[in-house]
Structure formats: structure tokens, C-alpha cells
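Asks: need a structure here:
(chains A and B)
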Amino acid sequence: MALLTLLNSRSPLADPVEQRAMLARLALARTFGGAVSATGRGPLLASDVSVLQMNVGKRCNQACRHCHVDAGPDRPEVMPPEVVNACLRFLETSRVDTLDVTGGAPELHPLFRDIVTRARAAGRHVIDRCNLTIATLPSYADLPEFLAAHQVEVIASLPSFAARQTDAQRGAGVFESSIAALRRFNRLGYGVEGSGLTLNLVTNPVGAFLPGSQQALEADWRRELARRYGVTFSRLFTITNMPISRYLQYLVDSGNLQGYMDRLVTAFNPATVDGLMCRFTLSVGWDGRLYDCDFNQMLDLGTRAATPHTIFEATTAALAGRPIATGPHCFGCTAGNGSSCGGAVG
Amino acid sequence: MDTYYHPKDLAKFGEIGEDAPELWQKFSEWYGAVFKEGALSEREKALIALAVAHAVQCPYCIDAYTTASLEKGSTPEQMTEAVHVAAAIRGGASLVHGVQMRNRIEKISM
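Replies: Now for the predicted structure:
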């Protein structure tokens, strides 16, 4: 199914301000700040930055229905070289130990391989958030070998081990391409025990419901992917869909917005608060602006006053202890088992 | 439109406890324990609940355990097979009573 991005289909929800206003209009049982305060852990403050997440742009070879970035082939935003350099300088001159490269499809960035090479040369752990199908395109056929040569951790999206559900979310034919890519990664040792090459899978619900227990699902997935396709992987991460951008549009169109938000609020789990990724992640937008997480980035909810707002002025000292910008969408990270770019929380 | 079943009424389930709190508490604790991981996984238990919900034709339970089954990682194919199991048992239960009919026919017929 060919999908237009919200931007190019001229949806009002292409505007982050409209998204925030829609979420703010919902009558919810409690505010996120109130829920955190009630746990005795509020207000939410950042600790030291240990992960630098670069969102290198909104270009993607796919246009998934749940995408919180509103990424797609028709998006022109690409991180310019001066921002890339500033990110890498920040990484090289700080004690931040992990670089998490995301997008869009980050591999489409013309400097993707330079980013990986330089970060690895600086001794940093590098994560590539890979949509899998990119590795089946002729121009990117050597991507798995490149990633393996640089010992990059691959975090790959695959919502379901069933074709119909995966294609329903990510587009027709995506499942088959994804399995082909996974087999290629496996042949290089990715996701194979003892190889040292990490291939983690990310599943997020195909619809308006929460993900289940990561541990239980991982066992099911390991069995089913091996039995059906001979595919192995390192870990399975469950991620809750965030009411942002195209997933927000889906919730509105399907009449599920209020019910989904009520579910997130009801499922607030105090045990997730200490491990929220915003406490240790710094998110950089394609234009160099700073955010507490990729979700805030897409809602244009920048770092709060009195902290650096761009990567050009960022220092870990100035960012440590900063208050986190929050909103109703944050209930997505605290619902049930919690959710982060590294899966369930805690 | 006024109907006997309202989706929003599921959220009022706990109100049943207002006039018999001790019984409700016992039920809630037992219910919660039943669905915890044991010899069967939570996913398997949700699938059984989904099938039984169809057998007893409880719309609240169908909504609740459709969501629960999806959340616990079952696919629509697996869930549909579970409903077929319920339907087969219901259909088979009707049909197997045909034996009783046949016994009666034999007893009162020449």
C-alpha cells in the first residue's frame, strides 16, 4: 500500500503544534507530571547523558502507518554536514559512550558511513536503527558487511513474525524483504550467539493496543522465526506506539484516540519512571536542535529553558540535571512494562 | 441507541463489588491469579479466555480478550483458530446430543 506522508497529504496533523493541541484537548484522568509526582519521583530530571541519538533526517524508503517521524521517500530533510560534525565533536569530546543513529532510514544519509567510522574510531558503541528493507536495495547491498566490519549494533524493526501484520503496518512486500535481509545479517553472524554481532529486533503493536511482556514475546518470536524462516536474533525489544504524527492520525481515523490514551494513562507504571530513556539520552534533530527524546523532537518540544538548545552549544555538564519536557504522549513510555528505544523499561 | 450491552459498562465491572465487597475481593484475587503465568503462559491463557468468551457469547469478554490476546503476542490467525475450537466444541456438543435423540428414538419406536 503506497502511503503519503502527512506533510505531503496536507494533513493538519503534519504540524507538531496541531498534534500537541489535539493531545492537550483530550480529557484524561491525570496529567503526566501529576502521575510522576504521585510516585515521589517528580519532577522528571535528566541524569548524565550516556546516549547521543542523532536523527539524521526524515528520508526513508518506506512510509509505515505508525511512523512518529512522518518519514518517507518524499521527505527532503537531511542533517547537513556542519550538524553532523558538531554531533561527532560532542561525542568525541564527552564521555557519552553510545551513538544511536536513527531517521528516517539513517543509512540514506550521504554521510552515514562517515558517521559510523568516526564514532567507532573514537571507541564509541554505535547503534543503527535499520528498517531492514534498505539492505535489500541494490545501492545498499553491502550495508550488512559494512555494519559487521565496524561492529555496529543493528536494531531492526519487525512488528510481527506474520507477514500480514507486518505488511499492514509497513507496506506491501515489506515482510518478505525484511526476512531476506535478516537472513543476510544472520549469514554474517548477526544475531548468532558467540559472533559478537548484535541484531536486536523491535516489535510494536499493529494497532491500538499495548505490547505484551517483552520476555514472553521474545521466547515466542525466537521459536516462530526459527521454525518458519530459520532466522535468529539477539534480543527482542517491545516498543509502545506513541500518539504522534502518523500513529496519531491512525488513532483519529480509526476512532481509537480517546480509548488508547485512556489505556496508556490507566496502565501508568511507577516502576518505569527511573529507567525512562529521556533521563540519559540526548536527541539531536536533523537541523541540530536538541530534545529530550525522539518523540519530543517530532512534537517540536525542545529542551527547556536554561539548557542548551542546539548541538553547537551542548556540553554534558550543561545538560545534566535538566528538567525534562513532558506531555500527555509521555504516558506511552510509562504504560505497562514501559517503553524506550531499548524496549521495555526496567 | 439503547441496548442491553454497552461497551463502556465493562469499566463498571468493579461496581458489582459494592454490595458484596468480600465476595468481589475473593473473585478479583482468584481471577488475577488464574491469569498469571503458570504451567500455561499468559498468552495461552488469554487465547483460552478468548475461545471461552465466544462459547459463552460474552461481548465484554470478547472485547477484553481480543485486546489481551493481541497484547500478549497472538496473531489474528491464532486467535481465529481459537474461536474455531470454541465453535467446534459448541457445534459438536449439539451434535453429540443426537446420540440421546437416537437412544430415545430407539426406545419409543418400533
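Asks: okay, now A:P110: neighbour count?
Replies: Residues lying near A:P110 (other Cβ atoms under 10 Å in any protein chain shown) number 12. In this view, the C-beta of every residue, glycine as well, is placed from N, C-alpha and C.
Asks: how about the residue nearest to it when sequence neighbours are not counted, what does it touch?
Replies: Distances taken as Cβ to Cβ, 6 or more residues apart in numbering or on different chains put A:V78 closest to A:P110, at 7.5 Å, once the chain neighbours are dropped. If a contact means Cβ atoms under 8 Å, 6 or more residues apart in numbering or on different chains, then A:V78 has A:56-57, A:59, A:109-110, A:286 as its contacts.
Asks: farthest-separated two in these?
Replies: The two members of the contacts of A:V78 with the most space between them (Cβ to Cβ) are A:P110 and A:W286, at 12.7 Å.
Asks: what does the stretch 201-346 of chain A put close to chain B?
Replies: The stretch 201-346 of chain A has residues A:205, A:207, A:209-213, A:216-217, A:220-221 near chain B, with proximity defined as Cβ under 8 Å from any Cβ of the partner chain.
Asks: give me that answer again for 6 Å
Replies: Listed as neighbours of chain B in the stretch 201-346 of chain A under the rule Cβ under 6 Å from any Cβ of the partner chain: A:209-210, A:212, A:217, A:220.
Asks: closest to A:A86 among the residues you listed?
Replies: Using Cβ to Cβ, these come closest to A:A86 at A:L210, 37.2 Å.
Asks: just checking, which of the residues of the stretch 201-346 of chain A next to chain B belong to strands?
Replies: Residues of those located in strands (DSSP state E): none.
Asks: JSON lines for the residues you listed, including pLDDT, neighbour count and distance to B:A88?
Replies: Below are these laid out as JSON lines (pLDDT from 0 to 100; neighbours: other Cβ atoms under 10 Å in any protein chain shown; distance: Cβ to Cβ, whole Å):
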{"residue": "A:F209", "pLDDT": "95", "neighbour count": "20", "distance to B:A88": "27"}
{"residue": "A:L210", "pLDDT": "95", "neighbour count": "22", "distance to B:A88": "31"}
{"residue": "A:G212", "pLDDT": "90", "neighbour count": "25", "distance to B:A88": "27"}
{"residue": "A:L217", "pLDDT": "94", "neighbour count": "22", "distance to B:A88": "28"}
{"residue": "A:D220", "pLDDT": "93", "neighbour count": "19", "distance to B:A88": "24"}
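Asks: Grab the nearest non-local neighbour of A:P323.
Replies: Sequence neighbours aside, A:R304 is the residue nearest to A:P323 in space, at 5.3 Å (criterion: Cβ to Cβ, 6+ apart).
Asks: which parts of stretch A:131-144 are buried?
Replies: By 16 or more other Cβ atoms under 10 Å in any protein chain shown, the buried positions in stretch A:131-144 come out as A:131-136, A:140, A:143-144.
Asks: Could you pull up the mean pLDDT of the longest helix along chain B?
Replies: For chain B, the longest helix by residue count, based on DSSP state H, is helix B:76-96. For helix B:76-96, the mean per-residue pLDDT is 97.
Asks: which element follows it toward the C-terminus?
Replies: As assigned by DSSP states H and E, the chain's next helix or strand after helix B:76-96 is helix B:98-108.
Asks: Quick one: residues in contact with that next one.
Replies: Taking Cβ atoms under 6 Å, 6 or more residues apart in numbering or on different chains as the criterion, no residue outside helix B:98-108 touches it.
Asks: Just the C-alpha atoms of that helix, please, in CSV.
Replies: What follows is helix B:98-108, C-alpha atoms only, in CSV (Å, rounded to 0.1, in the frame of the first residue of the first chain):
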residue,chain,number,x,y,z
GLY,B,98,-28.0,-36.5,18.7
VAL,B,99,-27.0,-39.8,20.4
GLN,B,100,-29.5,-39.0,23.1
MET,B,101,-32.1,-38.4,20.4
ARG,B,102,-31.2,-41.7,18.8
ASN,B,103,-31.4,-43.5,22.1
ARG,B,104,-34.9,-42.1,22.6
ILE,B,105,-36.0,-42.9,19.1
GLU,B,106,-34.8,-46.5,19.6
LYS,B,107,-36.7,-46.7,22.9
ILE,B,108,-40.0,-45.5,21.7
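Asks: thinking again about what came up before, run through the neighbouring helices and strands of the longest helix of chain B.
Replies: The contact analysis (3 or more Cβ pairs under 6 Å, 6 or more residues apart in numbering or on different chains; DSSP states H and E) places helix B:76-96 against helix B:42-55.
Asks: Buried residues, the next helix-or-strand element following the helix it packs on. List them.
Replies: Going down the chain from helix B:42-55, the next helix or strand is helix B:59-71, by DSSP H and E. Neighbour counts over helix B:59-71 (16+ other Cβ under 10 Å) mark B:61-62, B:64-71 as buried.
Asks: what do you get for stretch A:180-199?
Replies: Buried residues in stretch A:180-199, counting neighbours by 16+ other Cβ under 10 Å, are found at A:181-182, A:184-186, A:188, A:190-192, A:197-199.
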